[in-house]
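> Sequence and predicted structure are below.
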Amino acid sequence: MATAHLSTRVRHLGLLVRKGRMGNEALWGYLLIAPMLIGFTVFFLIALIASFVLSFTSWDVISTPQWIGMDNYVRLFRDDEFVTALRNTIAITVPNVILRMIFSLALALALNSDIRFRSFYRMLFFMPVLTMPVAIGTIWKWLYDPAFGPINGFLARIGLPRPEWLSNPNTAVVAVIIVLLWSGVGYDMIIFLAGLQAIPAEYYEAAQLDGASGWRRFRDITLPLLTPTTFFLIIIAIISSLQVFDLVYVMTRVGNANKLPTIVYYVYDEGFRNFRMGYAITVAWALLFIIFVFTLLQFRLQRRWVHYG
Amino acid sequence: MNKLNRRTLMQASAAGLTASMLASVATGRFAAAQETGYNGEEVTLTYGLWDAGQLPGVENQIAVFNEQFPAIKIEPQVVPFVDYWPKLQTGIAGGSTNDVFWINTANFPVFATQGALLTIDSIIGEGGAEPDRYPQPLVESFQYEGAQYGIPRDFDTIALFYNTELFDAAGVEYPTGDWTWDDLRAAAEQLNQEGGPWGFGAILSGQQNYYNFIWQNEGKLINDDLTESLINEPPAAEAIDFLSGFFEDGLTPAVSIMQANDPEDTLFPAGQIAMMPGGSWHVGVYKEANPAIRVAPLPQGKTRACMIHGLANVIWANTPNKEAALEWVKFLASEEAERILGQTATVLPAMEGLQEEWVAATPEMDLQIFLDAIDYSVARPSPPTGPEWENEIERVLIEGWGGNIPRDEIANQAAEAANAALSRE
């Protein structure tokens, strides 16, 4: 009975729609996506528009914002501190992305083969991904301690020089990249593993019958068929490296100074410590623009090297 | 230079007392001063502070306050100093922050000019908060456009802490009040060992370290109009150079070591530094941490000088519990609350006449030194643009002492950076 009743109702609804009265179905659709849509509008769309408008103001967070036109953008182009932050960010991003791809692919290949305790190793390498970045930064800061830390203790014992690590911008870049790799390769490894397992075994069998060596099978089957995965991971890695904040906040800060300010750190510093929120937002928009350009470039270039299927 | 002399300070407060009595008689402004309008309802106030070492004293204050006002629950919230101000500012902007919180003289102008603070004029007067019982210069530093926003809670001066064990082990005489810069340097050389313990802790702090040396050399941080830094002028630059020597010769933990290990909370109490300038607020923690720690006056340069600095309890302008907050602040300004601060030996209570109890609470250290230092103390100038110029000086000094700026360029670059900050909006 109930089913029959329901089907009449549905037919009735269908009739209504066909008759061109209010699209009841459409209404339902809107109602169902409303929570998401409202959240998106309030927290993203309005915030995005507001921040764009605020980038043309001088605002100390509490008083009313003052309209200053393009002044923030003019300052951006003459700001040495912004240039330093940009340089640091790129110095972290480029090696981090390249090494991250190499290490995570190597790990995925190793853990895709038939070795003992495979799942245990997979879990081990994935564990840092689940750890809070601030906790990671705190522990590594201690490991890097130039006088009392275990890393320099070890280096001293085997007779190597003991770097200052986090206090020297050059070694600090290396130190931060090491931590980023340690905490990041696990995630990429899992995605690569999924990519590897999606490659049909027949391809390898066929190649083997044709007498292809292990290296050729890797170069001509594995690598090309992993390109969609690699493409995705590179984009994600670039974006997350350009946004590095928590590690440099925890690790490279001395009192009120930072040895390795990145762009997002500079946004924080200007906005939340010097209370020039208008300018901080301008810097944030500059970062958004940089990420946009990088990503656009990638999508352009992908036609040359990414193979789907 | 903004010199405070203890005698003039007393005179000033005596004069202030008469003046304000006259004022209250004349205008009747403070009639019914102690009424806050609090009606006994149950409320919870958050109380923001930045020094976890002072929690025991604060908790004692809360306990006594609750005997009188059991319905007002006070929740202390400790945020470390570097993160304290950003958190406060964003909280105020977001419409939710601590109802009552500490503020210091350097940051007061920033918050007062934004209208973020509630005036406490309504609780001033006999039986309420009595500004006349506090050092007048400190009281005045919490005034804005004729209104009082805070009553000083405590103040601090700087002296030289030292570790008797390390001095005994090296066979070096303990520091005395007659020490000069040369004595400091010579003792540091004798006490120093490569890789620690170090002879001297040139802590990366203006208040505890380099400002004092600059003033002792008759230098200035900033001009009288508060528009231009003068730390590249010879007297100040010489003082900075004197300190650069400690870094260059390895007589102090390197910047990188201090970055990884806080000298005031870790290295010094752990016996890794033989002597280090520090504030009166360190006494409570140091006497618990290491019984070998004693205190001496700062060594003198061309003159004696040390920084004086104070903080006050203020109320957030938009707190939903104004009445209860006023009750709490009124209590905090009372003799009873101030006495607790002195007795728990945490900090120097700001109320006149209570400092002796603070001195007596730690007989093993000669704390009279901190009170005597008031005579030659200097207050830090606070430009309305906020503390960014000081942060910039600190940033350049850290770079320089870390070896990234030539020694003779450090003071110039610090002044340049400070001036850039002072000229920014």
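On my side now, so go ahead.

> chain center to stretch B:121-135: distance?
Distance of stretch B:121-135 from the chain centroid (CA atoms, centre = their mean, to the nearest Å) equals 22 Å.

> What residue in chain B comes nearest to chain A?
Across chain B, the shortest distance to chain A (CB to the nearest CB) belongs to B:Ser256, at 3.4 Å. Where you see a C-beta, it was placed from the backbone N, CA and C, and this is true even at glycine.

> Next up, phi/psi of that residue, please.
phi -60, psi -30 (degrees, to the nearest 10).

> How about B:Gly271?
phi 80, psi 20.

> That one contacts B:Phe167, doesn't it?
No. Using CB atoms under 8 Å, B:Gly271 makes no contact with B:Phe167, being 11.4 Å away.

> sorry, back to before: do you know the pLDDT at the nearest residue to the residue of chain B closest to chain A once chain neighbours are set aside?
Distances taken as CB to CB, 6 or more residues apart in numbering or on different chains place A:Ser167 nearest to B:Ser256, at 3.4 Å, with adjacent residues excluded. With respect to pLDDT, A:Ser167 has a value of 85.

> Is it correct that A:Ser167 is in contact with B:Phe247?
No. Between A:Ser167 and B:Phe247 there is no contact under CB under 8 Å: 11.9 Å.

> Look up the residues that both of those two are in contact with.
Residues touching both A:Ser167 and B:Phe247 (CB atoms under 8 Å, 6 or more residues apart in numbering or on different chains): B:Ala254, B:Val255.

> of the two, who's got more company?
Ranked by neighbour count (other CB atoms under 10 Å in any protein chain shown), A:Ser167 and B:Phe247 place A:Ser167 first, with 27 against 19.

> residues in contact with the more buried one?
Going by CB under 8 Å, 6+ apart, A:Ser167 touches A:Pro146, A:Val254, A:Lys259, B:Ala254, B:Val255, B:Ser256, B:Gln259, B:Gly402.

> Can you tell me which of these is closest to A:Thr222?
Relative to A:Thr222, the closest of the contacts of A:Ser167 is A:Lys259; by CB to CB it sits at 40.6 Å.

> Tell me the spacing between the closest one and A:Tyr144.
12 Å (CB to CB, to the nearest Å).

> who touches both of those two?
Joint contacts of A:Lys259 and A:Tyr144 (CB under 8 Å, 6+ apart) are A:Leu166.

> wait, doesn't the residue of chain B closest to chain A sit right on B:Asn404?
No. Judged on CB under 8 Å, B:Ser256 makes no contact with B:Asn404 at a distance of 11.4 Å.

> So between these two, which is more surrounded?
More neighbours surround B:Ser256 than the other of B:Ser256 and B:Asn404, with 25 against 15 (other CB under 10 Å).

> Leaving aside the residues adjacent along the chain, what's closest to A:Gly59?
No, residue A:59 isn't Gly; it's Trp. In space, and not counting its chain neighbours, A:Trp59 is closest to A:Pro65: 3.9 Å by CB to CB, 6+ apart.

> Report pLDDT for the one you found.
With respect to pLDDT, A:Pro65 scores 92.

> can you tell me how far it sits from A:Ile238?
For A:Pro65, the distance to A:Ile238 - CB to CB - is 32 Å.

> now swap in B:Ala324 and tell me
52 Å.

> which one of these two has more residues nearby?
Each of B:Ala324 and A:Ile238 has its neighbours counted (other CB under 10 Å); B:Ala324 has more, 27 against 20.

> Run through the residues that contact that one.
By CB under 8 Å, 6+ apart, the contact set of B:Ala324 is B:Thr36, B:Tyr38, B:Val43, B:Leu45, B:Phe69, B:Ile72, B:Asp99.

> Which of the residues you listed sits closest to B:Ala106?
B:Asp99 (22.1 Å).

> and the gap between the closest residue in space to A:Pro95 that isn't next to it in sequence and B:Leu45?
Spatial nearest neighbour of A:Pro95, excluding adjacent residues (CB to CB, 6+ apart): A:Ile177 at 5.6 Å. Separation of A:Ile177 from B:Leu45 (CB to CB) stands at 46 Å.

> Over to B:Glu336?
18 Å.

> B:Ile231 now?
Note on B:Ile231: its distance to B:Leu45, by CB to CB, is 41 Å.

> Which one of these two is surrounded by more residues?
B:Ile231 (27 against 21).

> Am I right that that one is in a helix?
No. B:Ile231 is assigned coil when assessed by DSSP: H, G, I helix; E, B strand; the rest coil, not a helix.

> these two touch, right, it and B:Asn419?
No. If you go by CB under 8 Å, B:Ile231 and B:Asn419 don't touch, sitting 10.0 Å apart.

> got a list of what A:Val244 touches?
Listed by CB under 8 Å, 6+ apart, the contact set of A:Val244 reads A:Thr89, A:Ile92, A:Thr93, A:Val176, A:Leu180, A:Thr262, A:Val264.

> Can you report phi and psi for it?
Dihedral pair for A:Val244: phi -60, psi 130, per degrees, to the nearest 10.

> would you list every one of the helices in the stretch 101-250 of chain A?
Assigned by DSSP state H, counting those that start in this stretch, the helices in the stretch 101-250 of chain A fall at A:118-126, A:133-143, A:150-157, A:169-197, A:201-209, A:214-217, A:223-242, A:246-251.

> Most tightly packed of these?
Mean neighbour count (mean count of other CB atoms under 10 Å in any protein chain shown) peaks for helix A:246-251 among the helices of the stretch 101-250 of chain A, with a mean of 21.

> Contact partners for A:Pro277?
Check again: residue A:277 is Met, not Pro. A:Leu54, A:Trp59, A:Asp60, A:Val61, A:Glu270, A:Gly271.

> go again using 6 Å as the cut-off
A:Trp59, A:Val61, A:Gly271 (CB atoms under 6 Å, 6 or more residues apart in numbering or on different chains).

> so how far is B:Asn98 from it?
Look at A:Met277 and B:Asn98: by CB to CB, they are 21 Å apart.

> Can you name the residues of the stretch 251-400 of chain B that neighbour chain A?
B:Val255, B:Ser256, B:Ile257, B:Gln259, B:Ala260, B:Glu388, B:Asn391, B:Glu394, B:Arg395, B:Ile398 (CB under 6 Å from any CB of the partner chain).

> Next, format the residues you listed as a markdown table and append pLDDT and secondary structure.
Formatted as a markdown table, these follow (pLDDT from 0 to 100; DSSP: H, G, I helix; E, B strand; the rest coil):
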| residue | pLDDT | secondary structure |
| --- | --- | --- |
| B:Val255 | 92 | helix |
| B:Ser256 | 90 | helix |
| B:Ile257 | 91 | helix |
| B:Gln259 | 88 | helix |
| B:Ala260 | 88 | helix |
| B:Glu388 | 88 | helix |
| B:Asn391 | 91 | helix |
| B:Glu394 | 94 | helix |
| B:Arg395 | 93 | helix |
| B:Ile398 | 94 | helix |
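
> Buried among those residues? Need that as a selection in ChimeraX.
One line in ChimeraX is enough to select the buried ones among these; burial here means 16 or more other CB atoms under 10 Å in any protein chain shown:
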select /B:255,256,257,259,260,388,391,394,395,398
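
> Tell me the one of the residues of the stretch 251-400 of chain B next to chain A nearest A:Tyr73?
B:Glu388 (21.4 Å).

> quick one, what contacts the closest residue to the closest one other than its chain neighbours?
In this structure, B:Glu388 finds its nearest non-sequential neighbour in B:Ala421, 4.4 Å apart by CB to CB, 6+ apart. Contacts for B:Ala421 (CB under 6 Å, 6+ apart) come out as B:Glu388, B:Trp389, B:Glu392.

> Surely the last one is in contact with B:Ala417?
Yes. Assessed by CB atoms under 6 Å, B:Glu392 is found in contact with B:Ala417 at 4.0 Å.

> Comparing these two, which residue is more hemmed in?
B:Glu392 (25 against 22).

> quick one, domains of the chain?
Because you didn't say which chain, this covers chain A. Per the record, chain A has its domains at A:21-71, A:73-305, by automatic domain parsing.

> nope, chain B
Listed domain ranges for chain B are B:6-155+B:309-367, B:158-307+B:387-423 (source: automatic domain parsing).
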